[in-house]
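Asker: Prediction below, plus the sequence it came from.
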Amino acid sequence: MKTRVLLADDQVSIRTGFRRILEAQHDLQVVGEAENGVTALAATRSLVPDVLLADIRMPEMNGLELTREVMQSTPSVHVVIVTTFDLDEYVHAALGAGACGFLLKRSRSAVLIEAVRAAAAGDSMISPEITTRLLSRFRNRPLVVHQSSELLTKREQEVARLVAEGMTNADIGAELFISAGTVKTHLAHLQKKLKVQNRVGIAAWVWGSGLMEEP
């Protein structure tokens with residue numbers, strides 16, 4: 001069964017580009033498009049897609065308001081925010097509103113595809129560029145809390161380090177010579193063990209624990 005995706009963006013060229021990227025995948029299907037937040041909300045309620053890709057700045061209702069409305073009316077729909085604007089406050093607001101992903105429009109096609117698949121599976125995906133930037137503060141400050149990495153297996157530590165470096169699942173798989181499915185399994189175990197909700201949480205734990213400093 002294909003993952004059904006709804007596209008919400010006020011630029012036709014963006015919607016067209018996303019449609020081409022997603023429908024080139026055998027497991028993804030674009031079931032509708034919307035040019036503003038109001039029509040996107042109506043389409044979400046009528047089509048009930050698996051994933052809603054929404055721009056953050058749209059006429060009539062922005063992506064953050066749309067996410068909140070979708071979470072209230074059709075919580076089974078997984079929202080991924082896709083935007084040109086690389087602002088920390090947007091990331092925090094989107095995740096706080098219930099979005100399970102936050103991507104930059106300049107992200108590689110592989111990242112977009114991976115984010116849609118992750119959202120459909122109930123996982124979170126944040127652009128590697130954003131993850132790296134949000135965590136840059138940990139690189140330049142002395143460690144205050146030293147958390148033990150002993151609760152993680154050697155492979156989980158390797159995966160966690162690569163997440164902290166901003167790698168995607170595909171990149172991690174290629175680096176460690178393991179499948180994307182295996183990477184996903186490791187991420188699920190990491191989130192459970194570290195009690196975090198997404199990749200940013202894993203990466204933050206890595207930098208805060210001193211794992212990046214270990215040989």
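Answerer: In hand now; what should we look at? Numbering: from 1, shown residues only.

Asker: Give me the domain ranges for this structure.
Answerer: Domain segmentation of the chain under automatic domain parsing yields 3-127, 135-213.

Asker: lowest-confidence stretch among the ones you listed?
Answerer: The stretch with the lowest mean pLDDT among the domains of the chain is domain 135-213, at a mean of 77.

Asker: Tell me which other helices or strands the strand or helix carrying V79 touches.
Answerer: Element membership of V79, judged by DSSP states H and E, is strand 78-83. Judged by 3 or more C-beta pairs under 8 Å, 6 or more residues apart in numbering; DSSP states H and E, strand 78-83 is in contact with strand 51-54, helix 63-73, helix 88-97, strand 101-104, helix 109-120. (C-beta placed from N, C-alpha, C; glycine too.)

Asker: so of the ones you listed, which one's packed in deepest?
Answerer: Ranked by mean neighbour count, the helices and strands packed on strand 78-83 are led by strand 51-54 with a mean of 28 (mean count of other C-beta atoms under 10 Å).

Asker: ok, and what's touching it?
Answerer: Contact partners of strand 51-54, identified using C-beta atoms under 8 Å, 6 or more residues apart in numbering, comprise 3-9, 18, 37, 40, 44, 63, 66-67, 70, 77-82, 116, 119-120.

Asker: Give the pairing partners of that strand; include direction for each.
Answerer: Strand 51-54 sits in its sheet next to strand 3-8 (parallel), strand 78-83 (parallel), going by DSSP bridges.

Asker: can you give me the angle the first one makes with helix 63-73?
Answerer: In other words, strand 3-8. 130 degrees (axes from the mean of the first three to the mean of the last three C-alpha atoms, to 10 degrees).

Asker: what does strand 3-8 contact?
Answerer: Contact with strand 3-8 is made by 15, 18-19, 22, 27-37, 39-40, 43-44, 47, 49-55, 58, 63, 66, 77, 116-117, 120, as judged by C-beta under 8 Å, 6+ apart.

Asker: what's next to the helix or strand that comes right after it, contact-wise?
Answerer: Next along the chain after strand 3-8, taking DSSP H and E as the criterion, comes helix 12-23. Under the criterion C-beta under 8 Å, 6+ apart, residues 5, 7, 9, 28-30, 33, 35, 53, 55, 82, 105, 109, 112-113, 116 lie in contact with helix 12-23.

Asker: ok, 7 Å please
Answerer: Residues outside helix 12-23 that contact it (C-beta atoms under 7 Å, 6 or more residues apart in numbering) are 5, 7, 9, 28-30, 33, 53, 105, 109, 112-113, 116.

Asker: from those residues, which is closest to G173?
Answerer: When the contacts of helix 12-23 are compared for distance to G173 (C-beta to C-beta), I113 wins out at 13.9 Å.

Asker: Quick check: chain neighbours aside, which residue is closest to the closest one?
Answerer: Nearest residue to I113, sequence neighbours excluded (C-beta to C-beta, 6 or more residues apart in numbering): Q25, at 5.9 Å.

Asker: next one: V82
Answerer: Nearest in space to V82, with sequence neighbours left out and distances taken as C-beta to C-beta, 6+ apart, is L103 at 4.8 Å.
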